[in-house]
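Engineer: predicted model and sequence below, questions to follow.
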Amino acid sequence: MNERRKPYPFDWIEPKWQTIWDEQRFFHAPNPGEKNFVPAKPKFYVLDMFPYPSGAGLHVGHPEGYTATDIIARYKRLLGFNVLHPMGWDAFGLPAEQYAIKTGQHPAITTRENVAKFKTQLKRIGFSYDWEREVNTTDPAYYKWTQWIFLQIYNSWFNPETKKAEPISTYRGADPDSVRLAYVAEVAVNWCPELGTVLANEEVIDGKSEVGGFPVVRRPMRQWMLHITAFADRLLDGLEALDWADSIKALQRNWIGKSEGAEIDFKIDNRNETIRVFTTRPDTLYGATYMVLAPENSLVDEITTGEHRNSVAGYRTQIAAKSDLERTDLAKEKTGAFTGAFAINPANNEQIPIWVADYVLMGYGTGAIMGVPGHDARDLEFAQKFGLRIIPVVQAPGKTADESIGYVDDGIAINSPLLDGLTTEAAKRKITAWLEERELGRRSINYKLRDWLFSRQRYWGEPFPVVWRDGKHEALPESELPLEPPALEDFKPTGTGEPPLAKAKDWIRYSDSASRETNTMPQWAGSCWYYLRFCDPRNDQRFVGEEPERYWMGGEKPGGVDLYVGGVEHAVLHLLYARFWHKVLFDLGHVSKPEPFQRLVNQGMILGEDGRKMSKRWGNVIDPLDVIEIYGADAFRCYELFMGPLEQMKPWSMKGVEGVSRFLARVWRLIMEENQAGEWILSDEVQDVAADKSQLKVLHTTIKKVTGDIETLSFNTAISQMMILVNALTNAPAKPVSALRTLLLLLNPFAPHLTSELWETLAEKFPGAAGDITEQSWPRHDERFLVEDEIEIVLQVNGKVRDKITIALDATNAELEAAALASEKVQRSVAGQTIRKVVVVAKKLVNVVTR
RNA sequence: GCCGAUGUGGCGAAAUGGCAGACGCAACGGACUUAAAAUCCGUUGGGCUUAAACGGCCCGUGCCGGUUCGAGUCCGGCCAUCGGCACCA
């Protein structure tokens, strides 16, 4: 596109203002006590999920949320807030390491290059970040504090009395290592041979690695774990007071997966041992006709009797050989093997067989269940396949006992001497109390949430500040932080499960008697607390200064960050992990708030023009810089949000960008015109005249709507309303400069370059508005300009519109009714019918009812 | 299977229980132009009625029912699409 065809000269306006903003530090937010800090202003902390700087650069999906937050940031500044709006880099991670393996280039170099690229792109869009607060998780000055926080976690335990994290020194037990919030355990991990690392459950999708899609197998390994499950209840309860979408809260609740029930001990027949099971339906105990142990349950070997040893061993081998994918395949039939052993049902002392089956998972509950085929779909299927007894013990409403087999909801207890006639709820209470009295069981709560597998066998991550001595781990002193990873030539996995750091023999050797931990932390670590570091990013004494933390994370609500915007893909893990760390830091007194993020919004994905997910494969990826080249950054920003509601998934459309670009050009031409020489000069039509009544009405309607819409993040309708205003002003022979200035202010958060330039141009000819547009105040609407003397009233007959009349605003209901009945069209519609009722809605409508 | 979200013109989408489709795109017509682009103005849910215009009428927000003077919006029951979890006892 050549110079002449640009709808307005964004190509020089945009770089001009970006330079001014940078040089004059317009968007730098000083901390309390620093120069230019204004204590009287309220604070607003608006945060984006910081990106992983990949080699591919930004695509149009990233800036959607970033534009939304930037509009909020600019709007809040005009409203007189101290705004914290930072950006940084979540730069540890696999791609840079994989690239290093392929090319030998150190991940730090790749990361530096990618960060530079991302930063250039973000700056080109005109975001008002305070770049002086930029952080990078791979910077030793940053991960020093990531390691420090790990030590806080390591040096804490969860006190069940106070339900809080406390320093390990307050623990009175014999073995503190057994209760630390960071502990080492031999666990079955998701080992990915291809990546040469273990993965968290969350990083495994359908038995394959989330990154790369490589096969993942189960394998026991010694791993660092974080005891997040201790906080399950608080993570659950804390959701209540947060302004998050219900759907996101539901995802977290679902992930935590709290279920209440009972543990029940079944005595093994002829042995002095019991099998403990967890059930949410203790009321169905009389219907428990068999038990099942998970194949990995260590009791299996002990109890299996002679003639069944071969079949059980065979079954367990067969299951062990299966991948996770095969095991969780729902379509398959139930399988299992009888152990030959029996247990005693504590309710009725009946002997019931003990089976092994893979539909019972070792990782949930106790790794054993009581089989109640009458009222559990899985147990029913299993019992039917293996011919086990099925007893109905809960009667479904309106059904016979036999018809109630397979009924899994609440009903009335039957065939249960102690419980007969009780509702499910009452029966649960009674049987639990009965079991507790006899010490055969107890109330119990189970969670799906597992402890967080926190170690990775990688190079490009934070090393653990831990050394091993005589087989025991101990923390490094704080003075040795940051602990930097060793320089390596070869980043390849060792293939044995030993991390790449194991290759750095000198580095590992800490002293004659101690050696360093060679695992590194997962990528989640750095992002668990970056929002805190932004408050005080250059502090080298503390992970965040107390005063900046209290100021920026302050406020009346429990969460400190006022608005957090990012992709829904982080709805569970990142947000749960960050909340967990935050609660530990809160308990230990390091931060002032119990929750990190008060209001959370997930932006929807942007699809390609073909309606498919953007991907290289479809060739439908849109590069923001290509769009900006043709239409400018302001048009790009506006289109990102004009497309539709922020949270919705929606397809990209270049035609749509063009439409928005036309709108901005119309704004430009409201104020500017081309002279004979083809130069843009201030238009003669811009005059210092008062806006007329209709202009004032649309202007103030726009102020009101845009303000309300920004608050609710309804940016698409805010832009629509500004289009209406511009359309209304376009044909005015004289453009009142006051109205234009208001328009520019309203549009400024959306199109900051264009409006800055026009504001400056207006100021040259029309005095009275000193300073840059970003230094002005947000306009307020005046209700007086919205009301009219006369108002249009809709006349309905039986709910259908028949006529419209214009009538005085203050017309009484009686006058409205009279006017409606006088309408010729209404009379025609009601002719020959009896009027039964007339509904009058003041200032809106009159409905004449004849039925 | 469970949980959640969504369903409105040719397309992206608007609509405190009160005129369905604002605004934008696309399309069509007009003005300007030698011409095109750009720009400006106008038309645009479907159908019936009418020679045409004006006017009038009917239908229409995934489907079926309900509440209401009045339902895209509230309630009940389905269907479809997308997302999450998934043998979680």
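Structural biologist: Now that the structure is in, tell me what you want to look at. Numbering: from 1, shown residues only, chains lettered A, B, ... in the order given.
Engineer: would you map out the domains in chain A?
Structural biologist: As assigned by automatic domain parsing, chain A contains the domains A:148-253+A:451-524, A:259-446, A:680-785, A:790-849.
Engineer: worst mean pLDDT among those domains?
Structural biologist: Lowest mean pLDDT of the domains of chain A: domain A:790-849, a mean of 86.
Engineer: and that one, anywhere near RNA strand B?
Structural biologist: Yes: applying C-beta under 7 Å from any atom of the strand, one finds domain A:790-849 in contact with RNA strand B at A:792, A:794, A:796, A:798-802, A:804, A:825, A:828-829, A:837, A:839, A:841, A:844-845, A:847, A:849. C-beta coordinates here come from the backbone N, C-alpha and C atoms, glycine included.
Engineer: inside helices: which ones of those?
Structural biologist: Mapping the residues of domain A:790-849 next to RNA strand B onto helices (DSSP state H) picks out A:825, A:828-829.
Engineer: out of those residues, which are buried?
Structural biologist: Neighbour-count burial (16 or more other C-beta atoms under 10 Å) applied to these gives residue A:829.
Engineer: of all the ones in helices among the residues of domain A:790-849 next to RNA strand B, which comes closest to residue A:199?
Structural biologist: Nearest to residue A:199 among these, counting by C-beta to C-beta, is residue A:829 at 70.2 Å.
Engineer: nearest residue to the closest one other than its sequence neighbours?
Structural biologist: Counting by C-beta to C-beta, 6 or more residues apart in numbering, residue A:829 lies nearest to residue A:797, which is 4.2 Å off, once chain neighbours are set aside.
Engineer: tell me what whichever strand or helix holds residue A:98 is packed against?
Structural biologist: Element membership of residue A:98, judged by DSSP states H and E, is helix A:94-103. Judged by 3 or more C-beta pairs under 8 Å, 6 or more residues apart in numbering; DSSP states H and E, helix A:94-103 is in contact with helix A:107-124.
Engineer: for RNA strand B, see how far away residue A:683 is.
Structural biologist: Per C-beta to the nearest atom of the strand, to the nearest Å, residue A:683 is found 13 Å from RNA strand B.
Engineer: for that residue, phi and psi?
Structural biologist: With angles defined as degrees, to the nearest 10, residue A:683 sits at phi -70, psi 140.
Engineer: ok, and the closest non-adjacent residue to it?
Structural biologist: Once flanking residues are discounted, residue A:683 sits nearest to residue A:673: 4.3 Å by C-beta to C-beta, 6+ apart.
Engineer: go on, residue A:473?
Structural biologist: residue A:466 is the one closest to residue A:473 (C-beta to C-beta, 6+ apart), at 5.2 Å.
Engineer: try residue A:734
Structural biologist: That would be residue A:687: by C-beta to C-beta, 6+ apart, it lies 4.6 Å from residue A:734.
Engineer: how about the backbone phi and psi for that neighbour?
Structural biologist: Dihedral angles (degrees, to the nearest 10) for residue A:687: phi -140, psi 160.
Engineer: partner residues bridging it?
Structural biologist: For residue A:687, the beta-bridge partners are residue A:736 (DSSP bridges).
Engineer: which residues touch the closest residue to residue A:680 other than its chain neighbours?
Structural biologist: Nearest residue to residue A:680, sequence neighbours excluded (C-beta to C-beta, 6+ apart): residue A:672, at 4.6 Å. For residue A:672, the contacting residues are A:8, A:680-683, A:758, A:761, by C-beta atoms under 8 Å, 6 or more residues apart in numbering.
Engineer: so residue A:834 touches residue A:848, yeah?
Structural biologist: No: using C-beta atoms under 8 Å, residue A:834 is not in contact with residue A:848; the gap is 10.9 Å.
Engineer: more neighbours, the two?
Structural biologist: The neighbour comparison of residue A:834 against residue A:848 (other C-beta atoms under 10 Å) goes to residue A:848, with 25 against 8.
Engineer: I'd say the more buried one and residue A:828 touch.
Structural biologist: No: between residue A:848 and residue A:828 there is no contact under C-beta under 8 Å: 11.8 Å.
Engineer: return the distance of the helix or strand where residue A:71 lies from the chain's centre.
Structural biologist: Using DSSP H and E, residue A:71 sits within helix A:62-78. Chain-centre distance of helix A:62-78: 18 Å, with C-alpha atoms, centre = their mean, to the nearest Å.
Engineer: next structured bit after it?
Structural biologist: strand A:82-84.
Engineer: mind checking the SS state of the residue nearest to residue A:683?
Structural biologist: Taken by DSSP: H, G, I helix; E, B strand; the rest coil, the conformation at residue A:673 corresponds to strand.
Engineer: got the contact list for it?
Structural biologist: Here residue A:673 is in contact with A:680-685 (C-beta under 8 Å, 6+ apart).
Engineer: tabulate those (a markdown table), appending neighbour count and secondary structure.
Structural biologist: As requested, these are exported to a markdown table (neighbours: other C-beta atoms under 10 Å; DSSP: H, G, I helix; E, B strand; the rest coil):
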| residue | neighbour count | secondary structure |
| --- | --- | --- |
| A:680 | 16 | strand |
| A:681 | 11 | strand |
| A:682 | 15 | strand |
| A:683 | 17 | coil |
| A:684 | 9 | coil |
| A:685 | 14 | coil |
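Engineer: what parts of the stretch 551-700 of chain A come near RNA strand B?
Structural biologist: Near RNA strand B, when you scan the stretch 551-700 of chain A using C-beta under 7 Å from any atom of the strand, you find A:568, A:572, A:642-645, A:648-651, A:653, A:655-656, A:658-660, A:662-663, A:665-666, A:669.
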